[in-house]
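1. Okay, here's the prediction I keep looking at, along with the sequence it came from:
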Amino acid sequence: MPRIWIIACIFLITGCAVRSGPGVLTTMGSKIKGEYYLQEGKYDRGVAEFRERVVQNPSDASAHYYLGRFYLIQKHTAPAVEQLSRAVSLAPDQADHHFWLGMAYAEAKSPMEERDSYIRALSVDKHHWQALLFLSHNRMKAREYEPALNGYTRLLEKVPDNPQALYNRALILRTLGRTAEANGAWKAYLDHYPSGAFARQAADFLNEGRDFTYQNYRIGKRILTLEQIQFDPEILAVQKESLPVLTLLGRFLAENPKTVLHVVVYEKNEPGLSERKAKAVKKTLLSTHPMLPSGQVRVSWFGTAGQVKVNDRIIPTDHLIHFFTQDTP
């Protein structure tokens with residue numbers, strides 16, 4: 001079963017549409033107070049306030065909704081389900097009521113009820129992207145990969161930079177063995193989110209698919225995910241799109257004057273090309289960081305294929321630029 005990235009969002013996703021008709025002032029009062037307590041993190045105050053409100057006005061759907069939200073944040077799952085169910089029954093035309101009931105069912109480990117709630121939320125509001133996101137998570141956990149993939153793809157049409165949808169879409173494509181599509185999806189994720197643990201995993205998966213657009217490098221004590229250096233095909237100068245990578249490396253060297261950066265270039269059957277690329281990287285790095293001593297950047301080149309190690313696998317590639325650092329006395 002592949003690892004699924006589901007970011008806990010109970011503290012992050014807010015919002016509730018306002019009812020119309022009788023009791024609208026009461027509902028608006030509940031909404032204003034509820035959102036205030038949520039945003040300020042005053043969850044105990046919220047529970048006390050909305051317990052009182054549901055006693056005073058049992059037909060106030062918004063009061064039941066917010067009380068359920070506060071219970072859910074505090075991991076009181078059963079009363080959260082009870083209150084959110086009551087909110088749904090009183091105001092079934094509110095997509096957020098259905099969505100948060102789904103979140104409560106997720107905490108209660110009731111995946112089918114969770115799914116039904118997200119589907120109902122989307123039937124009320126087809127643009128409710130949180131419901132679509134968590135419906136896709138639900139389907140992915142159930143190994144219903146094609147419906148989950150479809151959901152993530154639809155979501156990315158609305159929210160192109162959603163990290164969970166970008167990552168899980170790529171993970172499903174990898175699971176289904178659709179390597180070319182998965183590689184494109186991993187690059188889309190890394191284009192938006194090139195740092196952190198998920199970026200490192202995404203780069204490994206990309207390299208497993210024999211695409212080396214991004215790679216992981218040990219720089220000092222950290223592992224950095226960096227985009228491969230690109231060159232002008234005619235003059236072999238480093239393209240401007242690659243300058244941010246060299247800027248990051250140059251800044252690291254400036255802050256660590258006793259550390260040497262090694263630039264190693266592999267070009268199968270073309271030692272001259274590998275030499276020119278290695279020297280072009282060093283020249284650009286030093287020209288953009290003139291305070292660096294030349295000896296802090298060392299280059300080597302080979303007319304052979306390179307190798308990338310991913311976990312226990314060695315993956316060959318005809319073209320490779322590798323970076324690593326070495327501390328000096």
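-> Alright, I've got the coordinates.
2. tell me the SS of the closest residue to Gly295 other than its chain neighbours?
-> Leaving aside its sequence neighbours, Gly295 sits nearest to Val260 (C-beta to C-beta, 6 or more residues apart in numbering; 7.5 Å). For every residue, glycine as well, the C-beta is placed using N, CA and C. Look at Val260: counting by DSSP: H, G, I helix; E, B strand; the rest coil, its state is strand.
3. Quick check: bridge partners of Val260?
-> Gln326 (DSSP bridges).
4. which residues touch it?
-> Val260 makes contact with 295-298, 325-328 under the criterion C-beta atoms under 8 Å, 6 or more residues apart in numbering.
5. Spatially nearest residue to the residue nearest in space to the middle of the chain, not counting backbone neighbours?
-> Taking C-alpha atoms, centre = their mean, the centroid of the chain lies closest to Pro163, which sits 2.8 Å from it. Distances taken as C-beta to C-beta, 6+ apart put Tyr193 closest to Pro163, at 5.6 Å, once the chain neighbours are dropped.
6. show me what contacts the one you found?
-> Tyr193 touches 163, 166, 199, counting by C-beta under 8 Å, 6+ apart.
7. Where does the second one fall, secondary structure wise?
-> What that stands for is Leu166. helix 163-175 (DSSP states H and E).
8. Enumerate the positions of that helix that are buried.
-> Of all the residues in helix 163-175, those buried under the rule 16 or more other C-beta atoms under 10 Å are 164-174.
9. where along the chain do the helices fall?
-> 24-40, 43-56, 61-73, 77-90, 95-107, 111-124, 129-141, 145-158, 163-175, 179-192, 197-208, 243-255, 271-288 (DSSP state H).
10. Export those to CSV and append columns for mean pLDDT.
-> Output for the helices of the chain, formatted as CSV (pLDDT from 0 to 100):
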stretch, mean pLDDT
helix 24-40, 78
helix 43-56, 92
helix 61-73, 96
helix 77-90, 97
helix 95-107, 98
helix 111-124, 98
helix 129-141, 98
helix 145-158, 97
helix 163-175, 98
helix 179-192, 98
helix 197-208, 97
helix 243-255, 96
helix 271-288, 96
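11. right, and those - which one's nearest Lys309?
-> helix 197-208 (9.0 Å; C-beta to C-beta).
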